[in-house]
Structures are given as C-alpha cells and as structure tokens.
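Enquirer: need a structure here:
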Amino acid sequence: MRIERIEWDGADPSALAARLRESAPGLEDVSQAVAGVIARVREGGDAAVRELAEQFGEATPDGPRVPADAVAAAPGLLEPELREALRVAAANIEAVARAELVELERPTAIELEQGQRVELNSAPVAAAGVYAPGGRASYPSSVLMAAIPARVAGVGRVIVATPPGGGGRPSAPVLAACALAGVDEVYSVGGAQAIAALAYGTDTIAPVDVIAGPGNRYVTEAKRQVAGRVGIDGLAGPSELMVLADGSATAEWLALDLCAQGEHGDDSQVAAVSTDPALLDRLEELVEQIAAERPSIADAPFALVTAPGIELALALADAYAPEHLELAFAGADEATARARVAGCVFVGSGGATAFGDYVAGSNHVLPTGGAARWGSPLGPGAFMRRGSVVSIRSAAAAQLAPHVAALAAAEGFPVHGESASVRGRR
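Expert: Alright, predicted model coming up:
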C-alpha cells in the first residue's frame with residue numbers, strides 16, 4: 001500500500017479532507033466511452049450487448065437470461081459453510097430492511113389551518129434492476145444487499161444483471177444469492193452495457209424503473225448518464241475507510257481492517273487518524289507487513305494522520321464524510337457515532353467494517369466520495385416513490401384562493417390565480 005504520513009496542526013479540516021480525496025479517479029475519464037456503449041445498446045439491443053461482450057473479452061452465452069431452474073438449483077451447489085453464511089447474511093439484511101420499511105409505510109395525513117387535508121404516502125416502483133459486479137471475481141453479498149431491500153419494499157419485478165463467468169453464466173454463489181433474495185430474473189450481462197439494457201430495454205430485457213448496486217467506474221458513469229431515464233440509488237465510487245483511534249486501540253486489529261479495504265482495489269482510500277503517533281508508527285509497520293504477505297491487497301493509498309485531539313479528529317472525519325468510519329478510541333459510544341457524517345459508523349473494539357460488508361445486517365452499498373454529506377445507505381426507500389394526496393373543501397378553497405392569486409400574479413401566471421379563484425367562489 002502507498003503510505004503517506006501527515007502531521008496535521010488541526011487547521012481547516014475541509015482542506016485536509018480534500019487533500020485525502022485527491023487520489024480518487026474521476027468519472028470524466030470514462031464518460032465518452034460509456035456514452036458510446038449506451039448509444040450502441042439503445043440502437044442495437046441484444047445484438048449490441050453481445051457484440052460489446054465479445055469486444056471486451058467476456059463470455060457470450062446463447063442468450064443473456066439465466067434459466068430459472070439454474071438459479072433455483074444454485075444453493076445446492078455450494079459448500080455448506082458458504083450456503084449458511086449467505087443464509088445468515090440474507091436474514092440479517094432482511095430484518096434491517098423491514099425495520100426501515102415500517103417507517104416508510106406509515107402514511108401521514110395532516111389537516112391544515114384553512115381546512116385542506118394533505119396525505120403523504122409511499123409505494124414501491126414496478127421494476128428494479130440490481131447490478132452485481134462479477135467477471136474474474138464474484139460478489140454474492142452485493143446481490144443480497146441490493147435485491148433484498150427491493151423485495152422487502154414490495155417491488156413487483158426484481159432482476160439482477162451480472163457479468164458472466166468463464167462458462168457464460170454467473171458463478172454458483174451469485175446465483176445462490178439470487179435464489180435466496182427472491183430475484184425474479186437473472187441476466188448474464190455486465191459493464192456499462194448492462195446499465196444501458198436495464199434503462200432502455202432490449203428484446204430480452206424489459207426496462208426497469210430504478211437501478212441499484214455497486215460497480216466499477218464504467219458502471220457508475222453509466223448510471224450517472226441514464227439517471228433521469230430511470231432512478232438510481234447513487235454513484236458508488238472507490239471503497240473508503242477512515243479509522244479514528246487513540247492509544248487504547250488494538251493496532252493489530254486496526255491494521256487488518258485497513259488492509260481489508262485495500263482488497264477492493266488500488267483506488268480504495270484508506271486513512272488512520274490518531275492522537276497517538278506511536279499507534280500510527282505501529283500501524284504503518286503492521287500494514288506494510290500484512291500487505292507484503294497478502295497478494296489480495298492492492299497498492300491502495302493509505303494516509304496516517306496525526307491529529308492534535310479527538311475532537312479535531314472527529315471534525316476531520318465529518319469533513320471527509322467517509323463511506324466507512326471506525327471509532328476506536330476511549331469513550332467512543334453510540335451517541336458519538338450517531339453524530340457523525342459517514343455512510344456507516346462502526347463503534348467499539350468489535351466494530352470491524354468487514355462485519356458490515358457481509359453479515360451484520362447493515363447495507364454495504366453506501367455513499368462514497370463525500371456523498372455521505374447528503375446520501376444514505378441503500379435500503380427499501382431507494383425502491384419506493386413518495387406521493388401526496390390533497391383534498392381541498394370549499395371552505396378551504398375560499399380561504400386559499402386569494403393567496404394563490406397574489407403569488408401567481410407576482411410570478412406572471414394569472415391563469416393560476418383564476419384556476420384557484422373560480423373554486424373559491426363556489
């Protein structure tokens with residue numbers, strides 16, 4: 001891992017946060033290529049998807065849809081330990097998603113002063129597409145994280161698009177996750193062409209209303225370009241972890257946490273912030289040792305920041321707004337964690353990000369690139385649309401119409417005023 005030591009004086013946390021983000025690649029590098037892929041799929045449909053797969057060296061099955069019986073049989077192909085791990089993860093993800101759904105499903109109605117009634121409600125979208133990264137590796141956990149909240153939300157049609165493996169089909173673990181998550185359709189299509197197919201449809205793949213799930217820069221940029229045609233859950237960039245720690249933390253555990261995020265690729269962003277230089281020295285030593293011994297760890301940038309105090313370290317974390325944040329210092333508690341600006345906060349000595357990546361029940365599709373300042377973890381809400389129902393009785397119309405007329409006149413829309421006033425005179 002590429003290690004940088006930073007001695008921070010506590011001034012301007014936002015400036016240091018921006019410096020830490022400089023290593024992240026931009027989507028603009030792939031924008032033109034992605035636009036070309038989307039245009040080809042819009043025009044050529046299934047044939048274009050197949051041609052692009054061949055062009056990119058991917059397997060090209062006879063048809064993109066994976067037979068339903070192959071999906072249903074996939075759990076039986078797994079080793080018992082993996083099958084049980086998927087079952088536990090699915091159960092926990094569903095439990096958390098259902099807890100969120102309770103709040104979303106609760107209709108709210110309010111009677112206002114003039115007598116009108118406004119009701120707020122929510123309903124699931126008709127169809128959702130989930131993108132699960134694949135190819136050389138497979139990510140069944142991403143299937144569970146995106147497909148289960150969609151199903152819990154009540155989406156009528158949940159489909160998964162994922163790159164085919166060597167045999168032209170997704171891996172057995174990915175198909176098993178699709179079966180456990182109750183996915184309706186699975187397609188062996190990857191990359192930006194998969195996002196285009198989900199957004200615009202082909203002869204085989206009917207278009208969806210929302211696309212969710214992580215992917216590489218090409219997938220993310222494709223989601224950005226089709227947003228508006230469909231809804232998207234967000235723009236997931238490289239994985240991020242920031243650890244705030246003091247001398248009470250166990251350096252060996254934190255080093256493994258930091259290196260684990262380095263497994264996501266050389267564009268992952270990893271940082272440790274501490275008031276204890278000795279802890280940072282030890283983390284530097286351990287991370288170098290672990291990375292040298294584990295070939296799965298990429299050459300990701302790793303910043304070690306000395307902070308003047310825990311409060312300033314927390315201010316830096318809030319300015320950085322990381323995807324994952326671990327609080328490993330004396331006195332860290334859930335109240336401290338709730339006040340943070342981050343996609344997911346892990347608190348206490350047991351709070352390894354790896355638990356959240358797989359089985360804790362929290363979602364691992366999280367806002368990155370500082371989007372935690374406004375974004376949220378993926379959940380049922382991403383697959384639901386909010387609506388309003390307005391009832392205006394005659395008495396309310398009479399009271400409100402003059403206000404509509406005044407505002408409409410100020411904005412140059414006199415007919416708006418007439419539309420309201422005619423009802424106010426009933």
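Enquirer: please count neighbours and contacts with C-alpha atoms only from this point.
Expert: Noted.
Enquirer: what residue ranges in this protein score low on pLDDT?
Expert: For the chain, the stretches flagged by pLDDT under 70 are 135-136, 426.
Enquirer: just the strands in the stretch 1-150 of the chain please.
Expert: Assigned by DSSP state E, counting those that start in this stretch, the strands in the stretch 1-150 of the chain fall at 2-7, 108-111, 117-124, 127-131.
Enquirer: can you pull the buried residues of the first one?
Expert: Just to be clear, that refers to strand 2-7. For strand 2-7, the neighbour count (16 or more other CA atoms under 10 Å) marks Ile3 as buried.
Enquirer: show me what it is packed up against.
Expert: strand 301-306 (3 or more CA pairs under 8 Å, 6 or more residues apart in numbering; DSSP states H and E).
Enquirer: buried stuff in the next helix or strand after the strand it packs on?
Expert: Past strand 301-306, further along toward the C-terminus, the next helix or strand under DSSP states H and E is helix 310-320. For helix 310-320, the neighbour count (16+ other CA under 10 Å) marks 310, 312-320 as buried.
Enquirer: domains of this protein?
Expert: Here the domain parsing of the chain from automatic domain parsing is 2-24+237-360, 27-109+123-232, 392-424.
Enquirer: which one of these lies nearest to Ala382?
Expert: Nearest to Ala382, of all the domains of the chain, is domain 27-109+123-232, at 7.8 Å by CA to CA.
Enquirer: check contacts around the residue nearest to Pro124 when sequence neighbours are not counted.
Expert: Excluding its sequence neighbours, the residue lying closest to Pro124 (CA to CA, 6 or more residues apart in numbering) is Met384, at 4.1 Å. Counting by CA atoms under 8 Å, 6 or more residues apart in numbering, Met384 touches 122-125, 153.
Enquirer: need the buried residues of helix 310-320 in JSON lines (columns: distance to Leu16).
Expert: JSON lines is the format used below for those (distance: CA to CA, whole Å):
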{"residue": "Ile310", "distance to Leu16": "16"}
{"residue": "Leu312", "distance to Leu16": "12"}
{"residue": "Ala313", "distance to Leu16": "11"}
{"residue": "Leu314", "distance to Leu16": "13"}
{"residue": "Ala315", "distance to Leu16": "11"}
{"residue": "Leu316", "distance to Leu16": "8"}
{"residue": "Ala317", "distance to Leu16": "10"}
{"residue": "Asp318", "distance to Leu16": "12"}
{"residue": "Ala319", "distance to Leu16": "9"}
{"residue": "Tyr320", "distance to Leu16": "8"}
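Enquirer: ok, those vs Glu113, which is closest?
Expert: Asp318 (39.9 Å).
Enquirer: Ala192: which of the buried residues of helix 310-320 is nearest?
Expert: Nearest to Ala192 among the buried residues of helix 310-320: Tyr320, at 28.6 Å, using CA to CA.
Enquirer: now the closest one: closest residue in space, sequence neighbours ignored.
Expert: Ala17 (4.7 Å).
Enquirer: so that neighbour touches Leu316, yeah?
Expert: Yes. With contact defined as CA atoms under 8 Å, Ala17 and Leu316 form a contacting pair (6.6 Å).
Enquirer: which one, of the strands of the stretch 1-150 of the chain, ends up nearest to Val208?
Expert: Of the strands of the stretch 1-150 of the chain, nearest to Val208 by CA to CA is strand 127-131, at 4.8 Å.
Enquirer: who does that closest one pair up with?
Expert: Strand 127-131 has the following strand partners under DSSP bridges: strand 157-162 (parallel), strand 210-212 (parallel).
Enquirer: okay, buried residues for the longest one please.
Expert: Put plainly, it is strand 157-162. Neighbour count says strand 157-162 has 157-162 buried, by 16+ other CA under 10 Å.
Enquirer: of the residues you listed, which is the nearest to Gly44?
Expert: Ala161 (18.0 Å).
Enquirer: from Gly134, how far off is the closest one?
Expert: Ala161 sits 10 Å away from Gly134, going by CA to CA, to the nearest Å.
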